[in-house]
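Participant: Predicted model, plus sequence, below.
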Amino acid sequence: MNIYVLLKRTFDTEEKITLSGGKIAEDGAEFIINPYDEYAIEEAIVQRDQHGGEVTVITVGSDESEKQLRTALAMGADKAVLINIEDDVEDGDEFTTARVLQQYLKEQEVDLILAGNVAIDGGSGQVGPRVAELLNIPYITTITKLTINGDQAEVVRDVEGDSETIQLSLPLLATAQQGLNEPRYPSLPGIMKAKKKPLEELELDDLDLEEDDVEAKTKTIEIFLPPKKEAGRVLTGDVSEQVQELVTLLQKEAKVISF
């Protein structure tokens, strides 16, 4: 079974985000594998161990993503692919990433593609479904259980307030939700082995793509941090006075009620 995992490099969840020149400052920041992608990596390894085959992790980005790919290899993935678009694409978006991934994956023998449900930075949840649409294969999101039997798959996925079970045929793309599994930590032997596992680096030219082919469909107008939370206000006086003052504040300052 040929399993591919879509991986994204994201800020560490403990990282404090700062802006510089209207952009998010990355200098000195810590980066990790997108946490939802770790569930996808773990599930890929589990399915490979059950059914045979190999796991390939793939990312679109820059040279800096090699560290996260090596971590995935240390977890147990077999191969990694880095598609470096840093020199060709200045401001990509979800379409850019999906188009690049589709161009690579369409030339591979794919049985299963796994990805995180969302990335913790952008949070759009678009790349996985976009890739499946471009490849014209079935896809399902927010899965919490995956069972494969031959060329058939049974998937349990989160729906609001409940879950549903769906049967699909391979090849398919599924995005992982928390609860699918418990991602393993890279072991010391795994880290040593990862240094010798193949990591292929490609560029747009290698995929017969031009910059116009992957031009972003969206444009970021402005990036800004949320306003600082103001200190709370303590109301004084008896209860009736406090109620009257609260109603006035809600009406005239917060403007959440009207008469």
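Facilitator: Cool, got the structure.

Participant: Confirm for me that Glu203 is in contact with Asn84.
Facilitator: Yes. With contact defined as C-beta atoms under 8 Å, Glu203 and Asn84 form a contacting pair (5.6 Å). Glycine gets a C-beta too; all of them are placed from N, C-alpha and C.

Participant: Listing partners with orientation, what would you give for the strand ranked longest in the chain?
Facilitator: Longest strand of the chain, by residue count under DSSP state E: strand 139-149. Its sheet considered, strand 139-149 pairs with strand 152-159 (antiparallel), strand 172-176 (parallel) by DSSP bridges.

Participant: got the angle for the next helix or strand after the longest one vs strand 172-176?
Facilitator: Just to be clear, that refers to strand 152-159. Per DSSP states H and E, the first helix or strand lying C-terminal to strand 152-159 is strand 162-169. Orientation check (axes from the mean of the first three to the mean of the last three C-alpha atoms, to 10 degrees): strand 162-169 against strand 172-176 gives 150 degrees.

Participant: Does strand 162-169 pack against any helices or strands, and if so which?
Facilitator: strand 139-149, strand 152-159 (3 or more C-beta pairs under 8 Å, 6 or more residues apart in numbering; DSSP states H and E).

Participant: buried residues in the last one?
Facilitator: Yep, that's strand 152-159 we're talking about. 153, 155-158 (16 or more other C-beta atoms under 10 Å).

Participant: same check, this time on the first one
Facilitator: Residues of strand 139-149 classed as buried under the neighbour-count rule (16+ other C-beta under 10 Å) are 139-144, 146, 148.

Participant: Quick one: residues in contact with stretch 33-43.
Facilitator: Stretch 33-43 is contacted by residues 5-10, 13, 55, 57, 68, 71-72, 75-77, 114-121, 146, 175-178, 180-184 when judged by C-beta atoms under 8 Å, 6 or more residues apart in numbering.

Participant: typed the wrong thing, it's stretch 114-128
Facilitator: Contacts of stretch 114-128 (C-beta under 8 Å, 6+ apart): 3-6, 8, 10-11, 13, 34-41, 43-44, 94, 97-98, 101, 113, 131, 139, 141-142, 173-177.

Participant: Endpoint to endpoint, it covers what distance?
Facilitator: End-to-end distance for stretch 114-128, by C-alpha to C-alpha, to the nearest Å: 8 Å.

Participant: pretty sure Tyr4 contacts Thr59?
Facilitator: No. Tyr4 lies out of contact with Thr59 (C-beta under 8 Å); the separation is 11.1 Å.
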